[in-house]
Each structure stands twice: as structure tokens, then as C-alpha cells.
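>>> Turn this into a model:
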Amino acid sequence: MKIIGVIPARYKSSRFPGKPLADICGKPMIWWVYQQCKKVKDLDEVYVATEDQRIVDKCNELGVNVVLTADTHRTGTDRIGEVARKIKADLIVNIQGDEPLLEPSTIKAAIEPFFSNPELQISNLMTKIKDPVDVVNFTVPKVLTNKDGIGIYLTRSTAPYPKGSINYHYFKQVCVYGFKPEALQFYCDYGMKYGKAKIEEIEDIEILRFIENGYKVQYIEVESETVAVDTPNDLEKVRKIVKEKIDSGEIVIPE
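Numbers count the residues shown, from 1 in each chain. Okay, here's the model as predicted:
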């Protein structure tokens, strides 16, 4: 089975323009994500997918595989779909370009279910929320699954509501996805015909397009301390963590 990793990197982010090139201790954020992906032995190839020539030029300068895509895609998953049409693979793993601290073992967790379940079309990850602030933070999608880990819903609200008991663990989405090519094809074809799905557009959570249309999305719980960079404040948190790792010798940046 050929497995490729694809990192969508959009320069024209509405909340944080130029985010993939934001500097973290001397290297752009997209470089840090790429290095983490390269540590995953199950990935045969890794590519950055971007609509912007500035990101292409920086990737080429740093020796990072990159694919220039159309600048008309409405979602990162649509961008992944274009790459999947250009580079044939049996499984495509979408790794978000704004999580430079993502652990290789976490990425691997999104791949493993496909080895045991050949019928599986889509996987996604979730992790237990440890910071209570994240429960009410609208930038953090919360995941609701059934007893078998199949996704029922994702929301930026606090859900489910603990009416009878507060003895409940909330889970947040970790933005690593595994897609079979035919699932990606559905996603892109749907978008071309209808645009975003109803609840997907309201919540602005891409994976809801699959759930709304009856796809079973397998969720895998992971232990992950990754920090998604959605704002400049998030970037400062990541810079601090990376600097501490460099100072301790845990991370060594190549010359």
C-alpha cells in the first residue's frame, strides 16, 4: 500500500495571513511540520500543497517536496484532493500545516486502522481535553462519537451538555486525517456540485461534510500535546516550547 502525507499550506489565511511561513526559531512553520512527517516510516512520500508561489519558493530552498495547487479551493481537503489526482496513492494522510509540534506517533495513529480494516474510508484523531478553557474555546472543535469511535458530530460549542453529571471527558479534534482516494473524490465532487454541506458551513469544520453524507469516520484517541497555531498568540506559545526544546538539546536544527 502506497501511503503519502500531504500538508495543506494556504498563504491567504483569513485569520493569519502568511502563517505557513511564520518564523519559529529560524525556520518557517511549514518546515517544522514537514520534519515531523518525515519521521513517520509508514509515509512513502511527503508533500506540501500550496496555492502560493512564496511558499513554493521557500520549500524549494529548504529541500521540501511541494506541489503548487489552484488558488480557488474552498477548503484544505479540496487542496488535498487535487494532489491525490496528481500523485497516485492507496492512502492519503492529511497533516495540518499549522501544528509544528505534532508528534510522529500521532500521525502514525491515523494510518494504523487502515491495515486492520480494508473497508475503512476515513480516519481522524481526537485527544482528551486537559485545559478547561479549551472546552469553551470556539477555535477548538469538540468531537462526539458513538461507543465504537465512529464520529457522530463535531462542534465548536461545548457539547454534549452535562445535564445529569459532570463526570465526562471532552475530546478535541487533532487535525490528522486518513483518506482513501475515493472518499476524497466524493468530497471534491460534492464541493464542485453543491459547495459546502449545510452543517459543515455553519460550524466551519470540513470533516462534517462526510458525516452529514453518511460516511463513517473512525476516530482514534491519542495522547497529544500539540498546539494548533490559529492566532499570533498561539505562535508565541509554540516559539517558547520549541526554544525550550532547542536549549535542552531535545531538538537540533540542521545547518
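>>> drop to CA atoms for contacts and neighbour counts, all remaining ones
OK.
>>> dump the residue contacts of V46.
4-7, 34, 37-38, 65 (CA atoms under 8 Å, 6 or more residues apart in numbering).
>>> where does it fall, helix, sheet strand or coil?
strand (DSSP: H, G, I helix; E, B strand; the rest coil).
>>> coming back round to it: and the contacts of V46, which of them are buried?
The neighbour-count test (16 or more other CA atoms under 10 Å) applied to those identifies 4-7, 34, 37-38 as buried.
>>> Would you confirm that I111 belongs to a strand?
No. Using three-state DSSP, the assignment for I111 is helix, not a strand.
>>> Looking at the contacts of V46, which is nearest S224?
Nearest to S224 among the contacts of V46, counting by CA to CA, is C37 at 15.0 Å.
>>> Including distance to G81 and pLDDT, could the contacts of V46 go into a markdown table?
As requested, the contacts of V46 are exported to a markdown table (distance: CA to CA, whole Å; pLDDT from 0 to 100):
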| residue | distance to G81 | pLDDT |
| --- | --- | --- |
| I4 | 12 | 98 |
| G5 | 12 | 98 |
| V6 | 10 | 98 |
| I7 | 12 | 96 |
| Y34 | 19 | 96 |
| C37 | 19 | 96 |
| K38 | 21 | 95 |
| N65 | 17 | 97 |
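>>> Closest one of those residues to T139?
I7 (19.9 Å).
>>> other SSEs contacting whichever strand or helix holds that closest one?
For I7, the host element (DSSP states H and E) is strand 3-9. Counting contacts by 3 or more CA pairs under 8 Å, 6 or more residues apart in numbering; DSSP states H and E, strand 3-9 is packed against helix 29-38, strand 45-50, helix 76-86, strand 91-95.
>>> how about 7 Å then?
Other elements packing on strand 3-9 under the criterion 3 or more CA pairs under 7 Å, 6 or more residues apart in numbering; DSSP states H and E are strand 45-50, helix 76-86, strand 91-95.
>>> Lowest average confidence across the ones you listed, which one?
If you rank the helices and strands packed on strand 3-9 by mean pLDDT, helix 76-86 sits at the bottom with a mean of 94.
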